[in-house]
Structure formats: structure tokens, C-alpha cells
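Q: I need the structure of the sequence given here:
(one chain, ligands or ions: 2)
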Amino acid sequence: MKNRYEKPLNGYVGQIPKLPLHESLGIDNATSIEGTRFFTNLMWPQGNDRFCEYISKYAKVVAGLDQMVTRMIFESYGVERYHDAYTDTTTYLLRLLKNRAPQQSEPTLGFITHTDKSFTTILHQNQVNALEVETRDGNRINVDFSSPSSFVVIAGDALMAWSNDRVLSPRHQVVMSGNIDRYSLGLFAFNNGTIQVPEELVDDLHPLKYNTFDHLGLLRFYRTDEGYNSKCPIKAYCGV
Ligand SMILES: O=C(O)CCC(=O)C(=O)O
Ligand SMILES: [Fe+2]
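A: Ligands and ions are numbered 1, 2, ... in the order given. Okay, the predicted model is just below:
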């Protein structure tokens, strides 16, 4: 298998007996031309300039959207002074996801219930809706983002910890129906350093809930049995 990275959960995922519908590939550092070229040279030994160009343009546009959204989040908590340092040390993993339409009698679960380990994730899809997101009170929302101009922003575990639990990293899953294959793109923001709760978000009413943590260490922890089996991996990893 060629699409592998040292960073856990960055490369190919698929051929999982319990999840026969799902296959995905990952492009780390997708906003840089080196990142996309590394991927296209791997998949097409003679190169694929068109794909390389489109994918890096897409990643750049959506990373710009992500930086706008995270700036708004930082501003809404009065801590925009930390935003530049955050974006300067953030890289983007672009995942290309396919969930094929289930055949009769096949399980319809495309992707298991999980929370994202990123800071933020921006999703885009073809016309086939299948994403279900759980709310704080346990209800499920079927997210309709079938319009080509729709994007969904999901808060990841790192944002939940950074915000000292103000922003929820929601559990979500992909459940397929109908007879059209679903293609989606997920751009995941990962910080290359440590993340800490801003001091402005800690007070008597909001005691500190997370120790400073190494973001990529969260991915490594999630790959361990303890991390994978814990109910809330981020709390098990760096919760106070
Ligand atoms: O395909 C989607 O819409 C969501 C995929 C997802 O949740 C993930 O890759 O983390
Ligand atoms: Fe996800």
C-alpha cells in the first residue's frame, strides 16, 4: 500500500470487513505543492499535473475558509491575539472519501461513529447526503449539504479542549442509503505544536479542564488500545 504516512490515520483506509462501503485516501500538507505532488507522484508514477493543480487549489481555498472560521471563533472569545500563532503552525490533511451505495443486505454504515481528532474539519460532498451529527442532548441531525456551494465545519477534539469545553466536538457517522455512490472531501486542520486553553477562558466558573497537549500526540494516543477504547479520547489524553 503506497498511501502511508508516519502520522497515524493520515493514509489509506479501506477494505475493513465491517465497513465494506468505505475507502479513503489522505494527502498530508495538501495546501503545499510539495504535499500534493508527493501524493500524485505516488499514485501516478508519470505524474498528474492536472489533478495536482486542482487538489492544491481546492485545499488552499478551503484552508482560507477554515482560517476565516477559526478567526471568528477566536474573536468571539476575545482571544484573537492567539490566532496568527495558531495558523502559522497549522497544516492541513485532505482526505478523499468514497462511500459506495450499499447493495441489498449490506450494512449501511459507511463510517463509524467518531469525533474528529482535528482542530476543525471542513467537509464537502457530491449530491448524496449521508452525514449524521449528534447534538449535545443526543439527537441526530441529518446534514443536508448536497449543494455544490455547501461546506460543513465540524469542531474537532482539539478545538473542544482549546475552548475548555465551550465548543462541542460532536459525534458523527456516515449512513448510506439509495443507489448512488457518495464522494466527499474532508480538510482536517492539525497543529504541529502544543495547544493550550487560553488563560482568558479559565476562571472560577470555568476551571481548567485540559492540560497543554501535543496535537499530533493525540493521534498517536488514539491509535493505542487505551485511546481507541476510551469513551472520550481527548479527556483520557490530556483531561485535568
Ligand atoms: O464523509 C463525510 O461526510 C464525513 C467523514 C468523516 O467524518 C471523517 O472522515 O472524519
Ligand atoms: Fe469525522
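Q: from now on I want contacts and neighbour counts done on CA atoms only, so please keep to that.
A: Noted.
Q: where does the residue lying farthest from the centre of the chain fall, phi/psi-wise?
A: Farthest-out residue of the chain from its mean C-alpha position, per Cα atoms, centre = their mean: Asp204, at 31.9 Å. Here is the backbone geometry of Asp204 (degrees, to the nearest 10): phi -60, psi -40.
Q: how close does it sit to Val240?
A: 15 Å (Cα to Cα, to the nearest Å).
Q: what residues sit buried inside the helix or strand harbouring Arg37?
A: According to DSSP states H and E, Arg37 maps onto helix 33-43. Residues of helix 33-43 classed as buried: Gly35, Thr36, Arg37, Phe38, Phe39, Thr40 (neighbour count, 16 or more other Cα atoms under 10 Å).
Q: show me which residues of this protein sit near ligand 1.
A: By Cα under 6 Å from any ligand atom, the residues of the chain that approach ligand 1 are Asp116, Leu123, Leu131, Gln173, Ser184.
Q: need the pLDDT of the first one.
A: At Asp116 the predicted local confidence, pLDDT, stands at 97.
Q: that one: how many residues sit nearby?
A: Asp116 has 19 neighbours, counted by other Cα atoms under 10 Å.
Q: which one is it nearest to, not counting chain neighbours?
A: Take Asp116 and drop its neighbours on the chain: the residue closest to it by Cα to Cα, 6 or more residues apart in numbering is Gly156, 4.6 Å away.
Q: who touches that neighbour in this structure?
A: Listed by Cα atoms under 8 Å, 6 or more residues apart in numbering, the contact set of Gly156 reads Thr115, Asp116, Lys117, Ser118, Phe119, Thr120, Thr121, Leu168, Ser169, Pro170.
Q: what's the burial count for Gly14?
A: Neighbour tally, Gly14, other Cα under 10 Å: 15.
Q: hmm, Gly26 and it touching each other?
A: No. Gly14 lies out of contact with Gly26 (Cα atoms under 8 Å); the separation is 11.7 Å.
Q: the lengthiest helix in the chain versus helix 33-43: what angle between them?
A: Within the chain, and with DSSP state H defining each element, the longest helix by residue count is helix 49-76. If you take axes from the mean of the first three to the mean of the last three Cα atoms, to 10 degrees, helix 49-76 sits at 140 degrees to helix 33-43.
Q: show me what helix 49-76 is packed against.
A: Using 3 or more Cα pairs under 8 Å, 6 or more residues apart in numbering; DSSP states H and E, the elements in contact with helix 49-76 are helix 33-43, helix 83-88, strand 90-99, strand 120-125, strand 182-191.
Q: so how far is the third one from its chain's centroid?
A: Mean-position distance between strand 90-99 and its chain equals 7 Å (Cα atoms, centre = their mean, to the nearest Å).
Q: helices or strands next to that strand in the packing?
A: strand 19-28, helix 49-76, strand 182-191.
Q: pLDDT score assigned to Ala63?
A: Value for Ala63, per-residue pLDDT: 98.
Q: and if you look at Asn10?
A: For Asn10, the predicted pLDDT is 86.
Q: quick one, what contacts it?
A: Applying Cα under 8 Å, 6+ apart, the residues near Asn10 are Arg4, Leu25, Gly26, Ile27, Asp28, Leu93.
Q: contacts only, for the nearest residue to the fifth one once chain neighbours are set aside.
A: So the one you mean is Asp28. Closest residue to Asp28 apart from its sequence neighbours, by Cα to Cα, 6+ apart: Leu93 at 4.4 Å. Contacts for Leu93 (Cα under 8 Å, 6+ apart) come out as Asn10, Gly26, Ile27, Asp28, Asn29, Ala30, Leu187, Phe188, Ala189, Phe190.
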